[in-house]
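**Q** Return a 3D structure for these sequence lines:
(chains A, B, C and D)
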2 protein chains.
Amino acid sequence: MLSLTEENYVKAIYHLSESGEKVVLTNEIAETTNTKAASVTDMIKKLSAKNLVAYEKYYGVQLTSKGKAEALLIIRKHRLWETFLVQSLGFAWDEVHDVAEQLEHIQSALLIEKLDSFLGYPKMDPHGEPIPDHKGKFKMQPHRSLDQQHVGYHGVIITVKDSDASLLKYLEKIGALPGKKLKLISRQEFDNSMEIEINKNKFSISREVSKNILVTL
Amino acid sequence: MLSLTEENYVKAIYHLSESGEKVVLTNEIAETTNTKAASVTDMIKKLSAKNLVAYEKYYGVQLTSKGKAEALLIIRKHRLWETFLVQSLGFAWDEVHDVAEQLEHIQSALLIEKLDSFLGYPKMDPHGEPIPDHKGKFKMQPHRSLDQQHVGYHGVIITVKDSDASLLKYLEKIGALPGKKLKLISRQEFDNSMEIEINKNKFSISREVSKNILVTL
DNA sequence: TTTATTTTTTAGATTAGTCTAAAATTTTAT
DNA sequence: ATAAAATTTTAGACTAATCTAAAAAATAAA
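**A** As a prediction, this is how the structure comes out:
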């Protein structure tokens, strides 16, 4: 069984590697886990000994299939809890992340299967992110982050990353919710901020914000 | 904020002191927390420094009002979660304890208030134990553990302690549920086992079992 | 292609919670 | 009332997860 800390590292590596594909660097992990590179090296050795990651000194780290499965289980739990908090308890979507970060570490296979059933086996969490099934399988439509789209683009918002409460509050205010149609009107050269249209209203958003919005191709 | 370990000590002291009344001994704590006396002494010093307990060397320890409030919050969370697991998710009453032991440490005032509201502000958990309100207040009818009753007693089961799954399974099988009427038919001198009647059926139960059943006076 | 810079790892130290063994104190028994 | 037994505390050590500072390796620049 993984410790809470080990689980958090595995999850961080999963996200940094874009679902277990890419090789991840020590400093990247240190940054997202709010630790120092030296600590990361120590932990990677532990994860490697447990066969959760393949590690090559000075090169980087990659999740094994076992590590990937662990990461997907944690993500499944996180997203099911977020769904519960919003749908059943009436949390606002910007209030759920920190609580779900705690709940995702509860150890009980029975609990998570019963929660899934209680919620009606949802495919998406409140931010539009896909919920892996009990085998870790999930489907995500082809997408791109909004900052990579061209001027003139129009499509639909698939997902909004759930990490920051104030960002989510802002997105809700301008109506940037999963499922909503969106147009990219123009882009500023100097800071890559962009003007977008949602519900016939125009807004100017920074590049940082646009990176957190995933849209259809 | 308390660490998970600190929370568990405070909770253990609360239960051992019978709701914060009695002075608790080092060895008693060591036994219920599955640690050694030396570890308990260390932890008690920490709790004392945080003003959660009043501690006198070689004498014992007692919860302060602050410590009592912390304990009651943890117990409130534990019992609300147990209620949720049984009522909403369909857990059997002997399956909930270990999961609730984890869930009770989730830190979010909002979560627990919303959960309470979702459940309809229940007064009792599935084992018949009272759920403290958000101020830590609760009422428990006058009661005694069954092993302290006299032969010929008849009354109603109030509570069944929730610690052991196999005990709960057994109690469910013989129908020893909160609210049920019960008669004490006879008691064996040599081992204090007793014969009881529930639903017109007679059963012989050990003293250990009888200690875990709380009944009306 | 050698030097400078950046990144990563190693070495050694720290904190929380735990342990064993020994010392101190209290309780029990003679 | 004193000795024996039990309990509690202290002292010193261990593990997991972290840190800083220094050494090693890889990358970038001249």
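**Q** Tally up the residues packed near A:L103, please.
**A** Neighbour count for A:L103, taken as other CB atoms under 10 Å in any protein chain shown: 24. For the C-beta atoms, the positions are set from N, CA and C on the backbone; glycine is no exception.
**Q** Hmm, A:K77 and it touching each other?
**A** Yes. If you go by CB atoms under 8 Å, A:L103 and A:K77 touch, sitting 7.0 Å apart.
**Q** And the longest helix seen in chain A, what does it pack against?
**A** Scanning chain A for the helix with the most residues, using DSSP state H, yields helix A:65-87. In terms of contacts (3 or more CB pairs under 8 Å, 6 or more residues apart in numbering or on different chains; DSSP states H and E), helix A:65-87 is packed against helix A:4-16, helix A:97-103, helix A:109-119.
**Q** Check the gap between the most centrally placed residue in chain A and A:L171 for me.
**A** Of all residues in chain A, the one closest to the mean position by CA atoms, centre = their mean is A:K161, 5.5 Å from it. Here the distance between A:K161 and A:L171 works out to 10 Å (CB to CB, to the nearest Å).
**Q** again with A:K137
**A** A:K137 sits at a distance of 28 Å from A:L171 (criterion: CB to CB).
**Q** Spell out which residues of chain A are next to chain B.
**A** Applying CB under 8 Å from any CB of the partner chain, one finds that chain A approaches chain B through A:85, A:88-91, A:95, A:98-99, A:102-103, A:106-108, A:110-111, A:114-115, A:118.
**Q** Drop anything exposed from those.
**A** Neighbour-count burial (16 or more other CB atoms under 10 Å in any protein chain shown) applied to the residues of chain A next to chain B gives A:85, A:88-89, A:91, A:95, A:99, A:102-103, A:106, A:108, A:111, A:114-115, A:118.
**Q** Return the member of those residues nearest to A:Y59.
**A** Here the nearest of those to A:Y59, counting by CB to CB, is A:Q102; it sits at 33.6 Å.
**Q** Without its sequence neighbours, what residue ends up closest to the closest one?
**A** In space, and not counting its chain neighbours, A:Q102 is closest to B:I106: 4.9 Å by CB to CB, 6 or more residues apart in numbering or on different chains.
**Q** thought the one you found was touching A:E101?
**A** No. With contact taken as CB under 8 Å, B:I106 and A:E101 are classed as non-touching, separated by 10.1 Å.
**Q** tally of neighbours for the nearest residue in space to A:R187 that is not next to it in sequence?
**A** Excluding the flanking residues, the one nearest A:R187 by CB to CB, 6+ apart is A:M194, at 4.6 Å. A count of neighbours around A:M194, defined by other CB under 10 Å, yields 22.
**Q** do you know how far A:L171 is from A:L85?
**A** Here the distance between A:L171 and A:L85 works out to 18 Å (CB to CB).
**Q** Hmm, I typed the wrong one, I wanted A:K173.
**A** Summarising the geometry, the distance separating A:K173 from A:L85, computed by CB to CB, is 20 Å.
**Q** Please state the backbone phi and psi of the residue nearest to A:I75 when sequence neighbours are not counted?
**A** Excluding its sequence neighbours, the residue lying closest to A:I75 (CB to CB, 6+ apart) is A:P132, at 6.1 Å. Phi and psi for A:P132, reported as degrees, to the nearest 10, are phi -60, psi 140.
**Q** Just give me the neighbour total for A:P132.
**A** The number of residues packed around A:P132, counting by other CB under 10 Å, is 19.
**Q** Could you do A:D191 as well?
**A** Counted with other CB under 10 Å, the neighbours of A:D191 add up to 9.
**Q** now the one 4 residues further on
**A** Taking other CB under 10 Å as the criterion, the count of residues near A:E195 is 15.
**Q** pretty sure it belongs to a strand, no?
**A** Yes. If the criterion is DSSP: H, G, I helix; E, B strand; the rest coil, then A:E195 is within a strand.
**Q** So A:G179 sits against A:I157, correct?
**A** Yes. Applying CB under 8 Å as the test, A:G179 and A:I157 come out as touching, 6.6 Å apart.
**Q** list the contacts for the residue nearest to A:R187?
**A** A:146-147, A:151, A:184-188, A:204-205, A:207, A:210 (CB atoms under 8 Å, 6 or more residues apart in numbering or on different chains).
**Q** Out of those residues, which sit inside helices?
**A** Secondary structure defined by DSSP H assigns A:207, A:210 of the contacts of A:M194 to helices.
**Q** how about the contacts of A:M194, which pair is most distant?
**A** In terms of CB to CB, the contacts of A:M194 reach their longest pairwise distance at A:I185 and A:R207, which sit 15.2 Å apart.
**Q** Quick check: A:I106 touching B:Q102?
**A** Yes. The pair A:I106 and B:Q102 qualifies as a contact (CB under 8 Å) at a distance of 4.9 Å.
**Q** Give me the neighbour count for A:M43.
**A** Other residues near A:M43 number 21, with proximity taken as other CB under 10 Å.
**Q** quick one: what helix or strand has it in it?
**A** Using DSSP states H and E, A:M43 sits in helix A:37-49.
**Q** Residues touching the helix or strand following that helix, excluding its own?
**A** Using DSSP H and E, the helix or strand that directly follows helix A:37-49 along the chain is strand A:53-56. When contacts are taken as CB under 8 Å, 6+ apart, the neighbours of strand A:53-56 outside the stretch itself are A:10, A:13, A:44-45, A:47-48, A:61-64, A:67.
**Q** closest to B:L2 among those residues?
**A** Taking CB to CB as the measure, B:L2 lies nearest A:V10 of the contacts of strand A:53-56, at 26.8 Å.
**Q** from memory the closest one sits against A:L73, does it?
**A** No. Under the criterion of CB under 8 Å, A:V10 is not in contact with A:L73, lying 9.6 Å apart.
**Q** If you count surrounding residues, which of these two has more?
**A** Neighbour comparison, A:V10 and A:L73: the larger count goes to A:V10, with 25 against 21 (by other CB under 10 Å).
**Q** so how far is DNA strand C from the more buried one?
**A** From A:V10 across to DNA strand C, the span is 16 Å (CB to the nearest atom of the strand, to the nearest Å).
**Q** What's the local residue count around A:K137?
**A** For A:K137, the number of neighbouring residues by other CB under 10 Å comes to 9.
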